[in-house]
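Student: dropping a prediction and its sequence here:
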Amino acid sequence: MLNVMIICVGKLKEKFWTDACNEYAKRLKGFCSFSITEVDEEKLPDTPSPAQIQNTLEKEGQRIIAKIPKNAKVISMCIEGKQKSSEKFSQEISDMALNGTSTVALIIGGSWGLSDGVKNLSSMRLSMSEMTFPHQLARVMLCEQIYRAFQIASNGKYHK
């Protein structure tokens with residue numbers, strides 16, 4: 001069974017976001033081993049300098065990298081990533097599993113993004129949209145798209 005994990009910076013603050021992620025985690029049990037790993041977010045002043053932002057990206061990046069399992073396929077969620085349809089994303093996840101990948105790690109950075117170190121480990125850079133979403137909502141949306149990907153691959157009724 002494929003291991004699918006989300007590694008993300010920060011914690012969900014509102015119960016409704018946590019409930020939504022937990023619902024998708026429950027639904028995914030029949031398709032994969034699914035988990036969400038949170039790493040600590042660096043605190044920054046209201047108007048950080050470029051050096052402070054870079055330092056934050058590096059520290060958060062080190063925490064993320066420490067959580068990525070060896071031999072995992074890494075997908076970084078980042079603004080410069082490529083947008084894909086749900087069907088294409090489903091096909092890519094299916095192809096990874098068929099080609100012997102045992103773990104897929106999807107990475108969501110903090111509010112300033114991801115370090116180059118994390119991005120350089122990635123086999124794919126993915127963008128949800130040209131629009132900007134709160135990180136907490138992005139996590140829920142990613143959980144939903146992972147569930148949708150497995151539904152598409154299994155010809156489930158969820159995806160229409």
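Tutor: Good, I have the coordinates.
Student: and the next helix or strand past the lengthiest strand in the chain?
Tutor: As assigned by DSSP state E, the longest strand anywhere in the chain is strand 73-82. Later in the chain than strand 73-82, the nearest helix or strand by DSSP states H and E is helix 86-98.
Student: can you pull out the helices in the protein?
Tutor: 15-28, 50-67, 86-98, 116-121, 135-153 (DSSP state H).
Student: deepest-packed of these, please.
Tutor: Across the helices of the chain, averaging neighbours per residue (mean count of other Cβ atoms under 10 Å) puts helix 135-153 on top, at a mean of 20. To be clear about C-beta, it is placed using only N, CA and C from the backbone, and glycine gets the same treatment.
Student: which elements pack onto it?
Tutor: For helix 135-153, the packing partners by 3 or more Cβ pairs under 8 Å, 6 or more residues apart in numbering; DSSP states H and E come out as strand 3-9, helix 15-28, strand 33-39, helix 86-98, strand 103-108.
Student: of the ones you listed, which is nearest residue 135?
Tutor: For those, the distance to residue 135 is smallest for strand 103-108, at 6.5 Å, taking Cβ to Cβ.
Student: what's the distance between the residue nearest to residue 57 when sequence neighbours are not counted and residue 90?
Tutor: With Cβ to Cβ, 6 or more residues apart in numbering as the criterion, residue 57 has its nearest non-adjacent residue at 4.3 Å, and that residue is residue 115. Distance, residue 115 to residue 90, by Cβ to Cβ, to the nearest Å: 28 Å.
Student: which one, of the helices and strands packed on helix 135-153, ends up nearest to residue 50?
Tutor: Nearest to residue 50, of the helices and strands packed on helix 135-153 and by Cβ to Cβ, is strand 3-9 at 18.9 Å.
Student: buried residues in the longest strand of the chain?
Tutor: 73, 74, 75, 76, 77, 78, 81 (16 or more other Cβ atoms under 10 Å).
Student: how close does the nearest residue to the fourth one once chain neighbours are set aside get to residue 109?
Tutor: Nearest residue to residue 76, sequence neighbours excluded (Cβ to Cβ, 6+ apart): residue 122, at 4.2 Å. When distances are taken as Cβ to Cβ, residue 122 and residue 109 turn out to be 11 Å apart.
Student: those two - which one has more neighbours?
Tutor: Remark: of residue 122 and residue 109, residue 109 carries more neighbours, 27 against 20, as counted by other Cβ atoms under 10 Å.
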